[in-house]
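Enquirer: Test case, fold it:
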Amino acid sequence: MKTKKNQIWNFNREIEAENCAEGVNRKILAYADEIMCVENHFEKGAVGALHKHPHTQVTYVASGQFEFEVGGEKKIVKQGDVLLKRNSIPHGCVCLEEGVLVDIFTPMREEFV
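Expert: I've put the predicted structure just below:
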């Protein structure tokens, strides 16, 4: 199943993942115009290419270990860590240990749906 805009009940087990990069699968968990929640599954060695966008983004590390670069600064993050990425700040990551990132965007990422 694909999540629909403004859908109240969204059961992870029913949401289809889509491949968005080599070793990275994405699930759109819930969204409305002003917010979006996305779950990203990374294989070890997968890369979230350095990029920027006009959305503010919070990333929660649900599992695994990642080297993130945000605004030119690099740090290692792991389960339970959280990153705040303001709009238009370049960011990207390399997965060091298979894991899951949960992203919250405001406003929603229209190009994802």
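
Enquirer: show me the contacts for the nearest residue to Val47 once chain neighbours are set aside.
Expert: Leaving out its chain neighbours, the residue that sits closest to Val47 by Cβ to Cβ, 6 or more residues apart in numbering is Val94, at 5.4 Å. Quick note: C-beta positions are derived from backbone N, CA and C, even for glycine. Taking Cβ atoms under 8 Å, 6 or more residues apart in numbering, we find Val94 in contact with 45-48, 66-67.

Enquirer: now do Glu67
Expert: 74-77, 93-94, 96.

Enquirer: Next one: it, what pLDDT does it get?
Expert: You'll see Glu67 listed with a pLDDT of 98.

Enquirer: does it sit in a helix or strand, and which one?
Expert: strand 56-70 (DSSP states H and E).

Enquirer: Would you mark the buried spots in the helix or strand following that strand?
Expert: Remark: after strand 56-70, the chain's next helix or strand is strand 73-78, criterion DSSP H and E. Within strand 73-78, the residues that count as buried by 16 or more other Cβ atoms under 10 Å are Val77.

Enquirer: start at 25 instead
Expert: Will do, 25 is the new start, and the previous item becomes strand 97-102.

Enquirer: name the helices or strands packed onto the next helix or strand along the chain from strand 97-102?
Expert: Following strand 97-102 in sequence order, the next helix or strand is strand 106-109 (DSSP H and E). Applying 3 or more Cβ pairs under 8 Å, 6 or more residues apart in numbering; DSSP states H and E, one finds that strand 106-109 makes contact with strand 80-94.

Enquirer: Since that was my last question, I'll sign off now.
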